[in-house]
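S.K.: The following block contains a protein sequence and its predicted model.
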Amino acid sequence: MTDLKQTVLSKITEKDVVTLAKQLISVPSVNPPGKLEEISSFLSCQLRDMGFKVKTVSKEAGKPNVIATTKGTGPALLFQGHMDTAPVTETERSSWTVYPFAGVVQDGKIYGRGAVDMKGGIAAILTAAKAILEADAELQRDLMLAFYVDEEAGMMEAGSMFVVSSGHLDRVTSAMMPEPSNMQVRYVFKGRTIYEIAVTGKTAHTSSPEIGTNAIVKMARVIGALEDLRLKFEPHKWLGSCTVSATGIEGGMPGTNPSVPDFCRALVEVRMVPGQTVDGVKREIENAIEELRAQDHDLNTVVKVLHRRGASETSRESEIFQVLWASAKDVLGKDPELFTGGGAASDLHWLLEKGVPCVEIGPGPRNMAHKPNEFAEIRNLVELSKIYALVALKICCPETR
């Protein structure tokens, strides 16, 4: 191991990672409501103190994304994360045994909302970056950090989607983020596309429903057919199967209005695997509805794509995958495992869509995300920080490989 690597790794301590994680957890950034000025300001100050050039960019008021860079001219390696967390509902609060926004440390774990998803991971990124800059490493590629709003809201339109589409990350040639993964390496990602299905009926007074066409009843048949729909796909070795879920429905007049509903709208979410396409799945949904229409000529529907994110896969021969794998092996003392199962989409999608190779590795336990007494394993956070530091050094300072 080179002297520079040893110097950087020696600067990464459990105390520093835990202190940052506690500070981040202590700044509530729940979404909804998703107002993140305070956490954005905290991260901006931390990054400026480290020596980064920092800017914030917003699509919506109260939702500033943070972008930091070392130099700002050439190709860049990006570490990214989302600042928002799942909310703590009143019902959930009664199940917590610690205050959710204190960052309580017990038995090798740090507890709090966002501990594992993903303020612990952000603390690991910051600690790694600080160690590299303090070591005066001569970076041949820029090191960029980006922290987004709006991930937990699902659409990401004010966060990663906006930042990437606005050109702020055009210099990025590879990227990583710390979604909870139990220290497994993730290089393939399910898509998450939301289809809107609208059914039009014919209104009538509920005293004579037979002269109307009830859109809600029609929609019930459509949803039933979609529940039985078997989409065409090859199960993925690591991601498993595609899934279809009806996630929302609305129709009819408000209150107790005595009218047969002439409109009903439903949302259907499809988690796709590589090999499927957004438009291909849309055609399969429309074909299933056409089969119903052959039996019910009064069925009038329109299918639209409301939110589009296809499945993505980074080559295992890519530089970022190879460097991450080797760095994880250096720190863990053994080959890491590949991420299996799980259909969660990723903020990396917008970069992947542009052809940027992206990978993830994050702390555990991943099944504690969004749950009462959420925690992260402190050992994982320290390991992650060292892995991130090695990845940054090997890519931005190739002579350290």
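M.R.: Now that the structure is in, tell me what you want to look at. Numbers count the residues shown, from 1 in each chain.
S.K.: Verify the assumption that K22 is located in a strand.
M.R.: No. Going by DSSP: H, G, I helix; E, B strand; the rest coil, the assignment for K22 is helix, not a strand.
S.K.: so how far is M156 from it?
M.R.: Using C-beta to C-beta, to the nearest Å, K22 is found at 27 Å from M156. Any C-beta I mention is one placed from the backbone N, CA and C, and that applies to glycine too.
S.K.: what about these two, which has more around it?
M.R.: Using other C-beta atoms under 10 Å as the criterion, K22 and M156 rank with M156 on top: 25 against 18.
S.K.: show me what contacts that one?
M.R.: 148, 150, 347, 349-350 (C-beta atoms under 8 Å, 6 or more residues apart in numbering).
S.K.: and the helix or strand encompassing D49, what other elements does it pack with?
M.R.: Element membership for D49, per DSSP states H and E: helix 37-50. With contacts taken as 3 or more C-beta pairs under 8 Å, 6 or more residues apart in numbering; DSSP states H and E, helix 37-50 sits against helix 14-25, strand 53-58, strand 64-69, helix 120-134, strand 142-148.
S.K.: export those to a markdown table and tack on distance to T97 and mean pLDDT?
M.R.: Conversion of those to a markdown table gives the following (distance: least, C-beta to C-beta, whole Å; pLDDT from 0 to 100):
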| stretch | distance to T97 | mean pLDDT |
| --- | --- | --- |
| helix 14-25 | 15 | 98 |
| strand 53-58 | 36 | 97 |
| strand 64-69 | 32 | 97 |
| helix 120-134 | 19 | 98 |
| strand 142-148 | 29 | 97 |
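S.K.: Any chance of these in JSON lines with distance to Q295 as columns?
M.R.: Shown next, in JSON lines, are those (distance: least, C-beta to C-beta, whole Å):
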{"stretch": "helix 14-25", "distance to Q295": "55"}
{"stretch": "strand 53-58", "distance to Q295": "50"}
{"stretch": "strand 64-69", "distance to Q295": "50"}
{"stretch": "helix 120-134", "distance to Q295": "51"}
{"stretch": "strand 142-148", "distance to Q295": "46"}
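S.K.: Can you say which of the ones you listed is nearest to R293?
M.R.: Comparison of these against R293 by C-beta to C-beta identifies strand 142-148 as nearest, at 41.8 Å.
S.K.: what's next to the closest one, contact-wise?
M.R.: So strand 142-148 is in contact with 40, 43, 47, 52, 65-83, 122, 125-126, 129, 132, 156, 159-160, 163, 168-169, 171-172, 347, 392, 396, going by C-beta under 8 Å, 6+ apart.
S.K.: surely I12 meets S385?
M.R.: Yes. Between I12 and S385 there is a contact under C-beta atoms under 8 Å: 4.9 Å.
S.K.: Return the distance of G112 relative to D16.
M.R.: Computed with C-beta to C-beta, the distance linking G112 and D16 is 18 Å.
S.K.: Can you show me the CA trace of stretch 129-142 as PDB?
M.R.: The C-alpha trace of stretch 129-142 is given here as PDB (Å, rounded to 0.1, in the frame of the first residue of the first chain):
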ATOM      1  CA  ALA A 129     -13.300  13.300   1.400                       C
ATOM      2  CA  LYS A 130     -11.900  15.200   4.400                       C
ATOM      3  CA  ALA A 131      -9.100  12.700   4.800                       C
ATOM      4  CA  ILE A 132      -8.100  13.000   1.100                       C
ATOM      5  CA  LEU A 133      -8.000  16.800   1.100                       C
ATOM      6  CA  GLU A 134      -6.100  16.900   4.400                       C
ATOM      7  CA  ALA A 135      -3.500  14.600   2.900                       C
ATOM      8  CA  ASP A 136      -2.900  17.100   0.100                       C
ATOM      9  CA  ALA A 137      -3.400  14.400  -2.500                       C
ATOM     10  CA  GLU A 138      -2.700  15.700  -6.000                       C
ATOM     11  CA  LEU A 139      -5.900  14.700  -7.800                       C
ATOM     12  CA  GLN A 140      -5.700  14.200 -11.600                       C
ATOM     13  CA  ARG A 141      -9.500  13.900 -11.800                       C
ATOM     14  CA  ASP A 142     -11.900  16.100 -10.000                       C
END
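S.K.: any idea how far it is from the chain center?
M.R.: With C-alpha atoms, centre = their mean, to the nearest Å as the basis, stretch 129-142 stands 27 Å off its chain's centre.
S.K.: Could you give me the buried positions within that stretch?
M.R.: 129-133, 135, 137, 139, 141-142 (16 or more other C-beta atoms under 10 Å).
S.K.: Over to stretch 354-373?
M.R.: For stretch 354-373, the buried set under the neighbour-count rule, 16+ other C-beta under 10 Å, comprises 356-366, 368-373.
S.K.: related to what we said a few turns ago, make a ChimeraX selection of the buried ones in the contacts of strand 142-148.
M.R.: A single ChimeraX command selects the buried members of these (16+ other C-beta under 10 Å):
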select :40,43,47,52,65,66,67,68,69,70,76,77,78,79,80,81,82,83,122,125,126,129,132,156,159,160,163,168,169,171,172,347,392,396
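S.K.: shaky segments in the protein?
M.R.: The chain contains residues with pLDDT under 70 at 1, 72, 154-155, 342-343.
S.K.: 90 instead, please
M.R.: 1-2, 71-74, 138, 153-157, 227-241, 253-257, 275, 308-310, 340-347, 397-401 (pLDDT under 90).
S.K.: who touches the residue nearest to the spatial centre of it in this structure?
M.R.: Taking C-alpha atoms, centre = their mean as the criterion, S346 is the residue nearest the geometric centre of the chain, at 3.5 Å. S346 is in contact with 177, 179, 189, 352, 358, 360, counting by C-beta under 8 Å, 6+ apart.
S.K.: Please flag which of these sit within helices.
M.R.: Using DSSP state H, the subset of the contacts of S346 located in helices is L352.
S.K.: The closest residue to D335 other than its chain neighbours in helix, strand or coil?
M.R.: Excluding the flanking residues, the one nearest D335 by C-beta to C-beta, 6 or more residues apart in numbering is K329, at 5.5 Å. Here K329 is helix, with the state taken from three-state DSSP.
S.K.: if I look at K329, how far off is T2?
M.R.: K329 sits 16 Å away from T2, going by C-beta to C-beta.
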